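[1] sequence first, then the predicted structure, then my questions.
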Amino acid sequence: DTEVTQTPKHLVMGMTNKKSLKCEQHMGHRAMYWYKQKAKKPPELMFVYSYEKLSINESVPSRFSPECPNSSLLNLHLHALQPEDSALYLCASSPRAGDGYTFGSGTRLTVV
Amino acid sequence: QQQVKQSPQSLIVQKGGISIINCAYENTAFDYFPWYQQFPGKGPALLIAIRPDVSEKKEGRFTISFNKSAKQFSLHIMDSQPGDSATYFCAASIVYTGKLIFGQGTTLQVKP
């Protein structure tokens, strides 16, 4: 298995909702990432997990809460989002931090 | 100093031609330089990557040229095909930090 699987592919949520994005990989990678990508822009790093521990938080608002239950799973919990948070949320993994990233296809999030 | 500058912003090439995209960086601590291809609605896919101890790497029609002294690297796509039409991102990271920094992207259109 050489894929990073993200669910759901599309999500529409209201500003008072709570939802979660999920990411799974079975490549034995020990680093996992969340990126946010706006239209026609490069991906922007949000969080880095290395060996299931949060190693980087790029000053992301607390309405985004990451969780790494085990080495194969990464979640992003969403609460009280704003319309400007609408974007493509990408999960990635790599054998070690900073090297050989594999990206998932992303979750297209729309906040209404 | 963390920036990666990419040019051109857009590129139109005839089928069979050579597509060239350039990137420049400032941080000499970067030690991993990948190129990603992204189609609309999909996550970035790793095309080819290079480390600074190598000046050139070729995989099929894709070649990275790396100039350590000039702090520049470029992607050459030989015999460009309409199926290569996509957005291309260069990136750089310091292995073990987990921070992959993307260039602004180049939209490539290959005309039949």
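    Everything's here; your move.
[2] and A:T5, bridged to which residues?
    A:E24 (DSSP bridges).
[3] so B:V110 touches B:L11, yeah?
    No - at 9.1 Å, B:V110 and B:L11 do not qualify as touching, with contact defined as C-beta atoms under 8 Å. All C-beta spots, glycine's among them, are computed from the backbone N, C-alpha and C.
[4] overlap of the contact sets of those two?
    Shared contacts of B:V110 and B:L11, defined by C-beta atoms under 8 Å, 6 or more residues apart in numbering or on different chains, are found at B:S19.
[5] quick one: low-confidence ranges for the chain?
    Picked chain A for this. Nowhere does chain A drop to pLDDT under 70.
[6] chain B, not that one
    Using pLDDT under 70, chain B drops low at B:1.
[7] now do the contacts for residue 65.
    Because you didn't say which chain, this covers chain A. Residues in contact with A:S65 (C-beta under 8 Å, 6+ apart) are A:L76, A:H77, A:L78, A:H79.
[8] wrong chain, I was asking about chain B
    With C-beta under 8 Å, 6+ apart, B:S65 has these contacts: B:S55, B:E56, B:F73, B:S74, B:H76.
[9] next, residue 72: phi, psi?
    With no chain named, the answer covers chain A. phi -100, psi -10 (degrees, to the nearest 10).
[10] number of nearby residues for it?
    16 (other C-beta atoms under 10 Å in any protein chain shown).
[11] tell me which of the contacts of B:S65 is nearest to B:S19?
    Within those, proximity to B:S19 (C-beta to C-beta) peaks at B:H76, which comes in at 7.2 Å.
[12] hmm, back to that, neighbour count winner among B:V110 and B:L11?
    Under the criterion of other C-beta under 10 Å, the comparison of B:V110 against B:L11 puts B:V110 first, with 20 against 17.
[13] how about the CA coordinates for the host helix or strand of the more buried one, as PDB?
    Here B:V110, judged by DSSP states H and E, is contained in strand B:106-111. Extracted in PDB, the C-alpha atoms of strand B:106-111 (Å, rounded to 0.1, in the frame of the first residue of the first chain):
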ATOM      1  CA  THR B 106       3.900  27.100 -12.200                       C
ATOM      2  CA  THR B 107       0.900  26.300 -14.300                       C
ATOM      3  CA  LEU B 108       2.000  24.400 -17.400                       C
ATOM      4  CA  GLN B 109      -0.100  24.100 -20.500                       C
ATOM      5  CA  VAL B 110       1.200  21.800 -23.200                       C
ATOM      6  CA  LYS B 111      -0.600  22.500 -26.500                       C
END
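[14] return the set of buried residues in that strand.
    For strand B:106-111, burial by neighbour count (16 or more other C-beta atoms under 10 Å in any protein chain shown) applies to B:T106, B:L108, B:V110.
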